[in-house]
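Trainee: Generate a structure from the sequence data that follows.
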Amino acid sequence: FSEGIKANDIYKSVNYYGRAYSYFEIKNFEKAKMDIESSLLSEKVHKESINSNIYWLKGLVASSEGDKKLEIECYEKAIAFSPENQGLKTTLGLALIEDDQFQKGIELLDNVLKKNSQDAYALCNRALGFIKIRELEKAKSDLDNSKKLDNENPLLYKNYFLYYKEKGEKENACEAIEEALKKKMSDYGGDEDTKELIQMKNEYCA
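Mentor: Got it, this is the predicted structure:
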């Protein structure tokens, strides 16, 4: 990517994005942010779909740094460049729920699921929203439907844990967090998610 940037051709923005993503993967967020801003210079020149990916990545960095407001803003900009990208809307829905904007997040996920009722990730995220507003029957339905579609998602079992915790069913909650820790996290989240699972287990199930 660095060699591509030196070439200074029409792919320069793409190479900045690629290098930024590489920096993100190795958790060098400062360098990632610098390359993201360099990549976004293309936004001022032409409205490429890559801008959607750049803002998505900027949102991921913001999430890793705990800046929920910036994370949400970035996902919204990403969607503006790619309005039919349901995956981005699903990610934004989760970010809104995590920011205590429960109803807004649920409504966005409702719209995603109207397009594709078999979206396991959207179902899992909406379940979290229902848990937060204590609509537990709806949460359980979404969790079970998500599990039928993808039973390898550790974050699904994290949400089962939260569901059973709200129900006061400690044994089931602790079984769910154990199941979450058995699953491969790398395809669904990062190290911080695994640390959170361990913390939940230690605080509630010890």
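Trainee: And the pLDDT for the most centrally placed residue in the chain?
Mentor: With distances taken as C-alpha atoms, centre = their mean, residue 91 lies nearest the centre of the chain, 4.5 Å away. Note on residue 91: pLDDT of 97.
Trainee: Excluding chain neighbours, give the residue nearest to it in space.
Mentor: Spatial nearest neighbour of residue 91, excluding adjacent residues (C-beta to C-beta, 6 or more residues apart in numbering): residue 75 at 5.9 Å. To be clear about C-beta, it is placed using only N, CA and C from the backbone, and glycine gets the same treatment.
Trainee: measure the residue nearest to the centre of the chain to residue 138 for me?
Mentor: 21 Å (C-beta to C-beta, to the nearest Å).
Trainee: Which per-residue confidence value corresponds to residue 192?
Mentor: 87.
Trainee: My error: substitute residue 186 in the last question.
Mentor: Per the predicted model, pLDDT is 89 at residue 186.
Trainee: And for residue 189?
Mentor: Reported pLDDT for residue 189: 86.
Trainee: Straight-line length of stretch 115-124, end to end?
Mentor: 16 Å (C-alpha to C-alpha, to the nearest Å).
Trainee: which residues touch the host helix or strand of residue 200?
Mentor: Taking DSSP states H and E as the criterion, residue 200 maps to helix 191-204. Helix 191-204 is touched from outside by 64, 154-155, 158, 161, 165, 170, 173-174, 177-178, 180-181, 185, with contacts defined as C-beta atoms under 8 Å, 6 or more residues apart in numbering.
Trainee: hmm, try it at 6 Å
Mentor: 177, 180-181, 185 (C-beta atoms under 6 Å, 6 or more residues apart in numbering).
Trainee: Tabulate the CA atom coordinates of it in CSV.
Mentor: In CSV, the C-alpha atoms belonging to helix 191-204 read as follows (Å, rounded to 0.1, in the frame of the first residue of the first chain):
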residue,chain,number,x,y,z
ASP,A,191,-10.1,-8.9,21.6
GLU,A,192,-12.1,-6.3,23.5
ASP,A,193,-15.3,-8.4,23.0
THR,A,194,-13.6,-11.5,24.5
LYS,A,195,-12.3,-9.4,27.4
GLU,A,196,-15.9,-8.2,28.0
LEU,A,197,-17.2,-11.8,28.0
ILE,A,198,-14.6,-12.8,30.5
GLN,A,199,-15.5,-9.9,32.7
MET,A,200,-19.2,-10.7,32.5
LYS,A,201,-18.5,-14.3,33.5
ASN,A,202,-16.2,-13.3,36.5
GLU,A,203,-18.7,-10.7,37.8
TYR,A,204,-21.9,-12.8,37.5
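Trainee: Could I get the full set of strands for the protein?
Mentor: Along the chain, counting by DSSP state E, no stretch forms strands.
Trainee: In it, where is pLDDT below threshold?
Mentor: 4-10, 42-49 (pLDDT under 70).
Trainee: And for residue 172, the neighbour number?
Mentor: 14 (other C-beta atoms under 10 Å).
Trainee: what's near enough to touch it?
Mentor: residue 164.
Trainee: What's the separation between it and residue 152?
Mentor: Residue 172 is 20 Å from residue 152, by C-beta to C-beta.
Trainee: Fine by me, we can end here.
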